[in-house]
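Trainee: I'll drop the sequence and a predicted model, then ask my questions.
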Amino acid sequence: MNAYKHRREILLLGLAPVTPEVKGMWYKGYPVHQGETESSINFATLYAHNKGIVPDQDLLKKEWLGFVDTLLRAGFYLNIIPFPEELNRPGNLYHDAVFIRDGGLIFRGIWIKSRFSVKARVTEGEFHAKVIESKLGKTVVTLPEGAFLEGGDINYIETCQGSYYFGGLSRSNKPGHDFVREIIRPDHYILVESEGYHLDTVFTPVVTADNCLAALIIAGEGISAGSMAQIRALGIRVIEISAQDSSGAGDVLGDYAVNALVAPGVMVNSGRFVTPGVEETLEKLGIERYVTPLTSFKYAGGSVHCLTNEIY
């Protein structure tokens, strides 16, 4: 079976445990975070805040366990780190730490540590770096002053056509991405201006079983015309999706289907794409689809991609 050929190792952070003082993940509601720009606000958490949504802890745990089982069935090897006791304390807003994607990028022997533009998340980045250094033996690399970078703004893949680095400019900036570029030296380097608070809320690559980049799935309405022109100039097929497959629009929250984890011939996300023709196209490309509902995490603005991080 194709899914078991890649054996890609994935890093996860476990759920914050329920304690007498802390009643579970986001038990006081979802914190609303915004970076340096107006468009970097997390629409999902704003939506949940305005509607007074608090996750049901039993459902959240059930969805998490289903998510882990789905990744295993899809052929991924999982390295799960327990949620830090230091962050699981009353009154804090650090539970977004479960989105370990945002904390940085592993490249060979190093961990390129994010510098969060959202001040309330800085502690997460400090913990991720400490744990990855001690448990995985990676050398932590810190960004220079003035450079901002959040892992959800990075989509880096190594394919049969070379390596591709797509960097979002919502909560990250050009100095942050340029710093990473000098380290990993990708063959293709594209910076994307988008209205998504992270690039992975509007964008995902599609990689076939022979490890070729076959398509880019993009919520085009949230990306600048200049960035779309740059992307199309790559000559890779672009599949445009509706806002519903992204973070949504107006007063309607999207499904975050585009927030997907991909490997050669495999795509895992939280729901089927509702944009007509997308699922049929993926089937024709031979992509094995795995779907794991993550409703409780959607209200935090995250899904499968946010909850995972590749160990290259």
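Mentor: All right, it came through fine. Not measured: the values here are computed from a predicted model.
Trainee: where along the stretch 101-250 of the chain do the helices fall?
Mentor: 122-136, 174-184, 225-232 (DSSP state H, counting those that start in this stretch).
Trainee: Ok, which of the ones you listed comes nearest residue 149?
Mentor: Among those, helix 174-184 comes nearest to residue 149, with 3.4 Å by Cβ to Cβ. C-beta: built from backbone N, CA, C; applies to glycine.
Trainee: pull the CA atoms of the closest one into PDB?
Mentor: Extracted as PDB, the C-alpha positions of helix 174-184 are listed here (Å, rounded to 0.1, in the frame of the first residue of the first chain):
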ATOM      1  CA  LYS A 174      10.500  38.900   4.700                       C
ATOM      2  CA  PRO A 175      13.600  39.100   7.000                       C
ATOM      3  CA  GLY A 176      12.300  36.000   8.800                       C
ATOM      4  CA  HIS A 177      11.800  34.000   5.600                       C
ATOM      5  CA  ASP A 178      15.000  35.300   4.100                       C
ATOM      6  CA  PHE A 179      16.900  34.000   7.200                       C
ATOM      7  CA  VAL A 180      15.500  30.500   6.700                       C
ATOM      8  CA  ARG A 181      16.200  30.700   3.000                       C
ATOM      9  CA  GLU A 182      19.900  31.200   3.700                       C
ATOM     10  CA  ILE A 183      19.900  28.000   5.800                       C
ATOM     11  CA  ILE A 184      18.000  25.600   3.700                       C
END
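Trainee: Show me what that helix is in contact with.
Mentor: For helix 174-184, contacts defined as Cβ atoms under 8 Å, 6 or more residues apart in numbering pick out 105, 107, 110, 112, 115, 141, 143-144, 146-149, 153-154, 156, 163, 165, 167, 169, 189, 191.
Trainee: make it 10 Å
Mentor: 104-105, 107-108, 110, 112, 114-115, 117, 141-150, 153-154, 156, 158, 163, 165-169, 172, 186, 189-192, 312 (Cβ atoms under 10 Å, 6 or more residues apart in numbering).
Trainee: Just the buried ones from those?
Mentor: Buried subset of the contacts of helix 174-184 (neighbour count, 16 or more other Cβ atoms under 10 Å): 104-105, 107, 110, 112, 114-115, 117, 141, 143, 147-150, 153-154, 156, 165-169, 172, 186, 189-192.
Trainee: mind listing which of the residues you listed are in strands?
Mentor: Members of those lying in strands (criterion: DSSP state E): 104-105, 107, 110, 112, 141, 154, 156, 165-168, 189-192.
Trainee: For the residues you listed, which two are the farthest from each other?
Mentor: By the measure Cβ to Cβ, 110 and 192 form the most distant pair in these, at 23.9 Å.
Trainee: Strands along the stretch 1-150 of the chain, start to end?
Mentor: 9-13, 77-81, 104-107, 110-113, 139-141 (DSSP state E, counting those that start in this stretch).
Trainee: how about those strands, which one is nearest residue 240?
Mentor: strand 104-107 (26.9 Å).
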